[in-house]
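Chemist: What shape does this take:
(one chain, ligands or ions: 1)
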Amino acid sequence: MARVSSPYYSKEGSVYHIFSDCSAGKSIKRSLKVAGRGNKKLCGACKGIKAGKRTR
Ligand SMILES: [Zn+2]
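Modeler: Numbering: from 1, shown residues only. Okay, here's the model as predicted:
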């Protein structure tokens, strides 16, 4: 089950994440993780999970 999290993103990335179990989101170092959308695009993997497809 995909768990929806509050939006977060990496200071070094160009996308934001909405699932806590997104593999790309999981790899964000804690020191670079920021809450919010940061005016970025939704992560492709999160988009896939949202659409019901698991793209890992
Ligand atoms: Zn993601």
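
Chemist: any chance you could map the strands in this structure?
Modeler: Remark: strands assigned in the chain by DSSP state E are 4-10, 15-19, 33-35, 41-42.

Chemist: can you put the ones you listed in CSV and add mean neighbour count, mean pLDDT and distance to Ile49?
Modeler: The way it works is simple: take the backbone N, C-alpha and C, and place the C-beta from them, glycine included. As requested, the strands of the chain are arranged in CSV below (neighbours: other Cβ atoms under 10 Å; pLDDT from 0 to 100; distance: least, Cβ to Cβ, whole Å):
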stretch, mean neighbour count, mean pLDDT, distance to Ile49
strand 4-10, 17, 93, 9
strand 15-19, 22, 97, 5
strand 33-35, 13, 97, 18
strand 41-42, 14, 97, 11
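
Chemist: Quick check: which of these is nearest to the ion?
Modeler: strand 15-19 (3.4 Å; Cβ to the ion).

Chemist: ok, and does that closest one reach over to the ion?
Modeler: Yes - shown here: strand 15-19 in contact with the ion (Cβ under 5 Å from the ion) through His17.

Chemist: Now do the contacts for Val4.
Modeler: With contact taken as Cβ atoms under 8 Å, 6 or more residues apart in numbering, Val4 is in contact with 18-20.

Chemist: Tyr8 too?
Modeler: By Cβ under 8 Å, 6+ apart, the contact list for Tyr8 reads 16-17, 25, 28, 33-36.
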